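In: just a sequence and a predicted model for now, questions to come.
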Amino acid sequence: MTSQIPFHGRLVILGFGSIGQGVVPLILRHIDLPRSAITIVTAEPRGQEVAQDYGLAFVQEAVTRENLDRLLRPLLGPGDFLLNLSVDVSSVALIRLAQEQEALYLDTCIEPWAGGYTDPALSPSQRSNYALRESALALAPGGATAVLTHGANPGLVSHFVKQALLNLAADAGLPVAVPEAREGWAALAETLGVKAIHIAERDTQSAGFPKQRGEFVNTWSIDGFVGEGCQPAELGWGTHETALPADGHRHDFGCDAAIYLMRPGAATRVRSWTPLEGPFHGFLITHNEAISLADYYTVRDDSGAVRYRPTAHYAYHPCDDAVLSIHELAGKTWRMQPQKRLMMAEIETGMDELGVLLLGHARGAYWYGSRLTIAKARALAPHNNATSLQVAAAVLGGMVWAIENPRAGLREADALDHARVLEVAAPYLGEMVGVYSDWTPLAGRGALFPEALDADPWQFSNIRVV
């Protein structure tokens with residue numbers, strides 16, 4: 001995308017951590033609006049120098065239930081844009097405000113108010129991403145466009161799934177036109193025989209000095225990662241699955257496309273695969289796309305009964321220092337370390353290999369996604385590492401789609417035009433590749449210790465590490 005997209009409203013960026021700082025140069029490069037139209041509202045001083053360098057208004061004040069209306073309503077009106085990149089601010093409250101003001105909206109995840117992820121007064125079901133998603137989807141569906149959960153994942157990976165399905169169909173010789181609606185995409189996944197979808201990610205970025213004791217190190221929002229890591233592990237639950245896990249539970253409300261486990265995602269591991277890493281153990285961190293993908297690709301028969309649905313979940317191997325950080329965090333009963341370090345300038349090497357792994361079809365396994373090195377990320381845009389740029393590119397793609405479709409109402413990533421979003425984001429994603437594999441979670445199992453394995457390799461009981 002070389003030309004700028006005209007935008008005539010004001011832009012409010014709520015939250016200015018790594019993603020906010022990383023997306024600003026992309027917005028200024030590709031969206032035509034004056035810098036005087038941009039206001040940053042954030043709880044911390046972090047990023048103030050970046051805002052000053054770009055000549056952007058900077059308001060340091062935490063948004064709360066009590067001041068949300070006073071702080072944000074004067075900054076938003078018809079045709080303006082609220083870009084929510086914050087933590088600890090209710091997404092539902094922000095979407096409702098944007099709807100009332102007829103402003104466009106985009107976020108990268110559905111956040112509760114501070115403490116909502118770990119509130120002991122709430123049941124695991126009530127503090128799940130499933131519940132947060134249901135609360136957002138219950139808002140008025142029409143009006144100004146509100147794009148929900150459109151970062152790299154959730155968000156960009158939903159577009160990867162659509163492109164991967166089209167690639168599978170083409171390679172299988174199926175004469176398939178690009179579906180125009182959800183029903184067509186779900187039918188295509190069913191026809192291809194996709195049983196499971198992993199968001200399979202391996203981050204290998206590393207600095208010249210290691211994590212220290214009492215320090216949490218990561219390549220993207222530490223508060224965001226810990227918050228979702230302390231939520232219950234969640235996954236979309238496919239129709240091919242034969243047995244609910246012993247610690248698995250269904251919700252008693254909503255779409256019923258997903259289950260949760262009675263344990264945190266940061267303490268739950270799954271087997272997965274990426275082309276460069278090969279087989280690995282990743283964390284089953286809860287994410288909105290695990291639920292939205294399972295819901296979007298559901299096929300029902302004439303009676304309304306579910307006939308087909310894939311299992312979907314995240315399989316995340318963060319950078320090695322983050323793995324050590326999670327190990328230490330768990331040992332301290334999920335109490336955050338006193339020091340936090342978001343790796344950026346000190347990164348010396350590595351990449352983020354982020355994609356979707358489609359399993360169970362005729363050719364077994366197919367991974368499609370982005371390989372972005374730290375060197376390439378730095379060459380493409382300032383204030384970014386490989387992980388943040390993948391998110392920032394997705395935010396840009398979602399913003400452009402919203403500006404071009406300003407009256408689309410509430411939309412999840414799965415319901416956007418994947419080709420348009422990828423067209424905008426792809427220049428910032430490094431190498432885009434699709435790779436077939438004969439990997440299954442049964443490979444090499446039982447050689448040293450006997451295991452009770454299901455003959456169907458794609459059962460979650462085989463995927464899960466116990």
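Out: Arrived safely. Numbers count the residues shown, from 1 in each chain.
In: so for Gly446, what's the pLDDT?
Out: As predicted, Gly446 sits at a pLDDT of 89.
In: no wait, Arg182
Out: pLDDT at Arg182 comes out at 98.
In: against Gly304, how distant is it?
Out: Counting by Cβ to Cβ, to the nearest Å, the separation of Arg182 from Gly304 is 15 Å. Backbone N, C-alpha and C define where each C-beta goes, glycine included.
In: out of these two, which sits in the busier spot?
Out: Just comparing Arg182 and Gly304: by other Cβ atoms under 10 Å the higher neighbour count belongs to Arg182, 14 against 7.
In: got a list of what that one touches?
Out: Contact analysis of Arg182 by Cβ atoms under 8 Å, 6 or more residues apart in numbering lists 296, 414-415.
In: can you flag which of these belong to helices?
Out: Tyr296 (DSSP state H).
In: which one of the contacts of Arg182 is nearest to Val147?
Out: Closest approach between the contacts of Arg182 and Val147, by Cβ to Cβ: Ala415, at 9.4 Å.
In: number of nearby residues for that closest one?
Out: 18.
In: angles on the backbone of the closest residue to it other than its chain neighbours, please.
Out: Nearest residue to Ala415, sequence neighbours excluded (Cβ to Cβ, 6 or more residues apart in numbering): Arg182, at 6.9 Å. Main-chain dihedrals, Arg182, degrees, to the nearest 10: phi -50, psi -40.
In: distance check, Arg182 against Asp321.
Out: Taken as Cβ to Cβ, the span from Arg182 to Asp321 is 40 Å.
In: what do you get for Tyr117?
Out: Using Cβ to Cβ, we find Tyr117 at a distance of 22 Å from Asp321.
In: ok, Ile222 next?
Out: Taking Cβ to Cβ, one finds Ile222 at 11 Å from Asp321.
In: what do you get for Val306?
Out: With Cβ to Cβ as the criterion, Val306 and Asp321 are 42 Å apart.
In: what does Gly224 give?
Out: Gly224 is 17 Å from Asp321, by Cβ to Cβ.
In: could you do Leu156 as well?
Out: From Leu156 to Asp321 the distance is 24 Å (Cβ to Cβ).
In: can I get the least confident helix or strand in the chain by mean pLDDT in CSV, CA atoms only?
Out: Every helix and strand of the chain was ranked by mean pLDDT, DSSP states H and E. The lowest is helix 222-229, at a mean of 94. Extracted C-alpha coordinates of helix 222-229, given in CSV (Å, rounded to 0.1, in the frame of the first residue of the first chain):
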residue,chain,number,x,y,z
ILE,A,222,4.1,-7.7,30.1
ASP,A,223,0.9,-6.7,31.9
GLY,A,224,-1.2,-7.9,29.0
PHE,A,225,0.7,-11.2,28.8
VAL,A,226,0.4,-11.9,32.5
GLY,A,227,-3.2,-10.9,32.6
GLU,A,228,-4.3,-13.3,29.9
GLY,A,229,-1.8,-16.0,31.2
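In: after that helix comes which helix or strand?
Out: Once the chain leaves helix 222-229, the next helix or strand it forms, by DSSP states H and E, is strand 232-236.
In: residue ranges with poor pLDDT in this protein?
Out: For the chain, residues meeting the criterion pLDDT under 70 lie at 1-2.
In: the helices in it, which residues?
Out: 18-30, 48-54, 68-72, 91-101, 129-137, 156-171, 182-192, 222-229, 288-296, 320-331, 374-380, 386-404, 418-425, 460-463.
In: of those helices, which approaches Pro441 most closely?
Out: Among the helices of the chain, helix 460-463 sits nearest to Pro441 (Cβ to Cβ), with 4.6 Å.
In: export that closest one to PDB, keeping only CA atoms.
Out: C-alpha atoms of helix 460-463 as PDB (Å, rounded to 0.1, in the frame of the first residue of the first chain):
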ATOM      1  CA  PHE A 460      -6.900 -32.700  21.900                       C
ATOM      2  CA  SER A 461      -5.900 -35.500  24.300                       C
ATOM      3  CA  ASN A 462      -2.900 -36.100  22.000                       C
ATOM      4  CA  ILE A 463      -2.100 -32.400  21.600                       C
END
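In: gap between that helix and the chain center?
Out: Offset of helix 460-463 from its chain centre (Cα atoms, centre = their mean, to the nearest Å): 22 Å.
In: also stretch 397-417?
Out: Offset of stretch 397-417 from its chain centre (Cα atoms, centre = their mean): 16 Å.
In: okay, buried residues for it please.
Out: 397-403, 405-406, 408, 410-416 (16 or more other Cβ atoms under 10 Å).
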